[in-house]
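**Student:** Fold the following for me, if possible:
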Amino acid sequence: MTWLRTHPLAGFILLAYGISYLFGVPFLLVMLAWAPAASPPLHTYVSRLFVVYGPGLAALTLAYVGSASGGDARAMVRLLRPTVHDVPWTLGVVAAATAAAMFALLLSGVPLSTLREVVASAYPLLLAHFALQLTIVATGEELGWRGWLLPALLRRSTRLRATLIVAVVWGLWHMPLLLSSVLSAVMFLVGVTGLSLIFTWLWSHTGGRLFVVVVAHAAVNTPVFFWEQVSGRFGISPVRVVGVWYSLEALYAAIGLILLLTRWNWWHARALSHPAHVPS
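**Tutor:** Residues are numbered from 1 along each chain as shown. Down below sits the predicted model:
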């Protein structure tokens, strides 16, 4: 405990990676081998529960250790609650992510008629993916990346530097994906960097709370998981699905770059953690 208090950043990274890989991956393998795949969404998400909650559990541990009463950990969890001010941001984020997914699908050669057919016939599955992304993947990760790590870095760094460090830690945490192929690794890291810029901007402009960022994370992930699952039923080749994913990564990188260039001074300013959440 003393070491965690004196080395919080190193402790967070070790805990996040350790929980995800030493506990989460074995649980994932056991679940995939034992649990039936009759319900793909549950099979996909429940098996990854301890993997994706590694960063969040690490954040809660560090927040608890830094407060004798555990108050900081409770305050972090409260940041997940939506407020009335989050409503327009949430609607905007969902609309923007939907538009980005449609643009990537059309750009990759998926006919508009097919897109409409898929959504019309499989929208319950799409909503299920979004709900599970929101409650499991996005919440588990964002408690760590933007709930603890980003504000901790902002105590001693500029917004840009803190965001890039988060991007590196977040990107390398996806090590199995990085080992799939060189092109996939490069595109993923490019996309993560863009999303890190976007999410820092959202986090800062919504008062340092987490709800809108969690929604954004879920909205970004949902189309990829959904289209991977339904593509075969509608004659969409795996190569085309990969093309959609690459297009999305490039698009997020472009949006992040625009945010960086149009707010250059803001990104290079030193910024203390937002008053809503100052981790110990």
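**Student:** Mind checking what helix or strand follows whichever strand or helix holds L62 in sequence?
**Tutor:** In the assignment (DSSP states H and E), L62 maps to helix 54-65. Moving toward the C-terminus from helix 54-65, the next helix or strand (DSSP H and E) is helix 71-78.
**Student:** and the helix holding L62, what does it pack onto?
**Tutor:** helix 2-6, helix 8-18, helix 71-78, helix 139-144 (3 or more C-beta pairs under 8 Å, 6 or more residues apart in numbering; DSSP states H and E). Heads up, the C-betas are built off the backbone N, CA and C, glycines and all.
**Student:** Isn't I136 up against V51?
**Tutor:** No. At 9.9 Å, I136 does not count as touching V51 under the criterion of C-beta atoms under 8 Å.
**Student:** need the helices for the stretch 101-250 of the chain, in chain order.
**Tutor:** 112-132, 139-144, 150-154, 159-173, 175-178, 182-205, 211-230, 238-262 (DSSP state H, counting those that start in this stretch).
**Student:** what stretches of the stretch 151-280 of the chain score poorly on pLDDT?
**Tutor:** Residues of the stretch 151-280 of the chain meeting the criterion pLDDT under 70: 272-280.
**Student:** could you redo the last one with a cut-off of 80?
**Tutor:** Residues of the stretch 151-280 of the chain meeting the criterion pLDDT under 80: 271-280.
**Student:** Look up how far V94 lies from L134.
**Tutor:** Distance, L134 to V94, using C-beta to C-beta, to the nearest Å: 11 Å.
**Student:** Find the residues that touch each one of these two.
**Tutor:** The contact sets of L134 and V94 overlap at V215 (C-beta atoms under 8 Å, 6 or more residues apart in numbering).
**Student:** Output the helix holding L62 as PDB, nothing but the C-alphas.
**Tutor:** The C-alpha atoms that make up helix 54-65 are tabulated as PDB, following Å, rounded to 0.1, in the frame of the first residue of the first chain:
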ATOM      1  CA  GLY A  54      -8.800  -4.200 -15.200                       C
ATOM      2  CA  PRO A  55      -8.300  -0.500 -15.700                       C
ATOM      3  CA  GLY A  56     -11.400   0.400 -13.700                       C
ATOM      4  CA  LEU A  57     -10.500  -1.900 -10.700                       C
ATOM      5  CA  ALA A  58      -6.900  -0.500 -10.800                       C
ATOM      6  CA  ALA A  59      -8.400   3.100 -10.700                       C
ATOM      7  CA  LEU A  60     -10.700   2.300  -7.800                       C
ATOM      8  CA  THR A  61      -7.800   0.600  -5.900                       C
ATOM      9  CA  LEU A  62      -5.600   3.600  -6.300                       C
ATOM     10  CA  ALA A  63      -8.400   6.000  -5.300                       C
ATOM     11  CA  TYR A  64      -9.200   4.000  -2.200                       C
ATOM     12  CA  VAL A  65      -5.500   3.700  -1.200                       C
END
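**Student:** Could you figure out how far it is turned away from helix 8-18?
**Tutor:** For helix 54-65 against helix 8-18, the angle by axes from the mean of the first three to the mean of the last three C-alpha atoms, to 10 degrees is 140 degrees.
**Student:** What number of residues are in the vicinity of L154?
**Tutor:** By the criterion of other C-beta atoms under 10 Å, L154 has 25 neighbours.
**Student:** ok now do V94, which residues does it touch?
**Tutor:** V94 touches 215, 219, counting by C-beta under 8 Å, 6+ apart.
**Student:** Same check on F27?
**Tutor:** 47, 49-51.
**Student:** Got a PyMOL select line for the buried ones in the residues you listed?
**Tutor:** This is the PyMOL syntax for the buried subset of those, where burial follows 16 or more other C-beta atoms under 10 Å:
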select buried, resi 47+50+51
